[in-house]
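**Student:** Quick one, fold the following:
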Amino acid sequence: MPDQAVMAYSTRDSLLGTAALRIAPLQDAVDVDRATDDEVARLTLWKNYRIDLNRIEQQTGFPANIDWPQSPDSVR
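**Tutor:** Residues are numbered from 1 along each chain as shown. Next up is the predicted model:
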């Protein structure tokens, strides 16, 4: 059975992949100055989520007790 850190990083990496897929079209719209206010706001949410995912190992309970950040998809 993989240890908790390996499992945590695997989960994190999967979630980062989803975040990258959500961020890319939003960032494209911003880059070519075609983003709506809603798209800019969603891009900010997704980027903050990605930052939080990349900081899970800084949590005091890592890797046994991780407070996973909430996906912007789940708060819409």
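
**Student:** can you pull out the helices in this protein?
**Tutor:** Taking DSSP state H, the helices of the chain run over residues 4-31, 37-54.

**Student:** Same list (those) but as CSV, adding mean pLDDT, mean neighbour count and distance to residue 62.
**Tutor:** Any C-beta I mention is one placed from the backbone N, CA and C, and that applies to glycine too. Listed next are the helices of the chain as CSV, based on pLDDT from 0 to 100; neighbours: other C-beta atoms under 10 Å; distance: least, C-beta to C-beta, whole Å:
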stretch, mean pLDDT, mean neighbour count, distance to residue 62
helix 4-31, 98, 14, 7
helix 37-54, 99, 15, 12
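
**Student:** Looking at the ones you listed, which is nearest to residue 64?
**Tutor:** helix 4-31 (5.6 Å; C-beta to C-beta).

**Student:** From residue 3, how far off is the residue positioned nearest the centre of the chain?
**Tutor:** Central residue check for the chain by C-alpha atoms, centre = their mean: the C-alpha nearest the mean position is that of residue 50, 3.0 Å away. The gap separating residue 50 from residue 3 is 24 Å, by C-beta to C-beta, to the nearest Å.
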